[in-house]
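Visitor: sequence unknown, structure follows:
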């Protein structure tokens with residue numbers, strides 16, 4: 001299996017296909033390749049990708065990284081993060097002193113830490129999730145390969161993956177893990193496209209099929225959590241959509257025409273749920 005350190009990554013290896021360990025997020029996001037988030041923008045319009053601004057780091061992003069680390073790499077979380085129990089104001093002297101010792105992203109207030117550790121504990125109490133994450137695997141493993149159909153360089157980053165058993169888990173912070181609620185999250189955030197895209201990259205590198213699971217964890221107490229796998233139909237829809245987005249990207253990249261949303265006048269109606277509600281009222 002071709003697993004290399006990020007310092008040893010070359011354009012030739014990225015084209016051929018490889019997994020990369022210890023790659024800083026900034027280096028991963030700046031790599032000259034196409035990611036799922038880029039395809040999300042293309043699906044809206046190629047112009048949205050062409051004019052995309054670099055994301056600025058926020059406190060929510062830092063907390064999200066802490067959640068991932070606590071659940072997927074608990075030993076690293078204990079080693080690198082500091083939780084200031086009882087200190088909930090970042091203007092306090094205790095907090096200011098703590099960030100002098102380590103980066104602010106790795107210093108959590110009491111409330112932040114309680115929430116992160118609460119999510120960690122809740123996942124540990126889920127026997128299926130705990131068993132899956134207890135296997136030998138890699139957290140935050142980057143992957144690169146060239147698409148043989150389009151010739152486009154692709155990349156993705158697996159939250160947690162066990163290459164020996166061809167299985168991975170993608171952690172999703174959510175407000176509601178119930179079936180119908182998480183269905184909406186899948187559709188809204190195109191998680192089915194992620195499943196297909198990540199699985200495609202994995203198959204190109206290894207020749208094997210990937211068992212892709214989502215670990216949905218509620219941000220608020222009691223931090224209910226659940227593992228989901230997409231059914232065959234959802235996977236097929238995701239595959240069609242990512243292939244269409246990738247083909248659109250490739251065409252725009254070759255032509256230089258990063259067009260926007262069509263501006264023709266159009267009739268518009270209420271969403272189906274609003275029409276359904278109106279029908280129920282009339283009945």
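Guide: Yep, that arrived. What you see is a predicted model; the values in this text were computed from it and never measured. Numbering: from 1, shown residues only.
Visitor: Beta-bridge partners for the spatially most central residue of the chain, please?
Guide: Nearest to the mean C-alpha position of the chain, by Cα atoms, centre = their mean, lies residue 170 at 6.7 Å. Listed beta-bridge partners, residue 170: residue 214 (assigned using DSSP bridges).
Visitor: how about the helices in the protein?
Guide: Remark: helices assigned in the chain by DSSP state H are 11-16, 25-29, 36-44, 46-50, 59-72, 74-80, 93-101, 110-124, 127-133, 179-189, 191-206, 232-255, 272-282.
Visitor: what's the first one packed up against?
Guide: Just to be clear, that refers to helix 11-16. strand 138-146, strand 153-162 (3 or more Cβ pairs under 8 Å, 6 or more residues apart in numbering; DSSP states H and E). For glycine as for every other residue, the C-beta is placed from the backbone atoms N, C-alpha and C.
Visitor: In the stretch 1-150 of the chain, where is pLDDT below threshold?
Guide: Scanning the stretch 1-150 of the chain with the threshold set as pLDDT under 70 gives 1.
Visitor: try the stretch 151-283 of the chain
Guide: 277-278, 280-283.
Visitor: JSON lines for the helices and strands packed on helix 11-16, including distance to residue 78?
Guide: Compiled in JSON lines, these are given as follows (distance: least, Cβ to Cβ, whole Å):
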{"stretch": "strand 138-146", "distance to residue 78": "14"}
{"stretch": "strand 153-162", "distance to residue 78": "17"}
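Visitor: could these go into a markdown table alongside mean neighbour count and distance to residue 49?
Guide: Listed next are those as a markdown table, based on neighbours: other Cβ atoms under 10 Å; distance: least, Cβ to Cβ, whole Å:
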| stretch | mean neighbour count | distance to residue 49 |
| --- | --- | --- |
| strand 138-146 | 21 | 19 |
| strand 153-162 | 21 | 15 |
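Visitor: what's the distance between residue 243 and residue 154?
Guide: 12 Å (Cβ to Cβ, to the nearest Å).
Visitor: on that earlier part again, residue 3 is nearest to which of the helices of the chain?
Guide: Nearest to residue 3, of all the helices of the chain, is helix 191-206, at 10.0 Å by Cβ to Cβ.
Visitor: Check which residues of the closest one are buried.
Guide: 191-202, 204-206 (16 or more other Cβ atoms under 10 Å).
Visitor: Among the helices of the chain, which comes closest to residue 146?
Guide: Between these, helix 11-16 lies closest to residue 146; by Cβ to Cβ that is 4.3 Å.
Visitor: Mind listing residues that contact that closest one?
Guide: Contacts to helix 11-16, defined as Cβ atoms under 8 Å, 6 or more residues apart in numbering, come from residues 2, 4, 31, 33, 144, 145, 146, 153, 155.
Visitor: mind running it again at 10 Å?
Guide: 2, 4, 10, 18, 20, 31-33, 142-146, 151, 153-155, 204-205 (Cβ atoms under 10 Å, 6 or more residues apart in numbering).
Visitor: One more: stretch 250-258?
Guide: Contacts of stretch 250-258 (Cβ under 10 Å, 6+ apart): 34, 42, 45-51, 147, 149-152, 249, 259.
Visitor: which one of the helices of the chain is the most hemmed in?
Guide: helix 191-206 (a mean of 22; mean count of other Cβ atoms under 10 Å).
Visitor: That one relative to helix 232-255, how many degrees between them?
Guide: 70 degrees (axes from the mean of the first three to the mean of the last three Cα atoms, to 10 degrees).
Visitor: how distant is helix 191-206 from the center of its chain?
Guide: Its chain's C-alpha centre and that of helix 191-206 lie 12 Å apart, by Cα atoms, centre = their mean, to the nearest Å.
Visitor: packing partners for that helix?
Guide: strand 18-21, helix 36-44, strand 138-146, strand 153-162, strand 167-174, helix 179-189, strand 211-218, helix 232-255 (3 or more Cβ pairs under 10 Å, 6 or more residues apart in numbering; DSSP states H and E).
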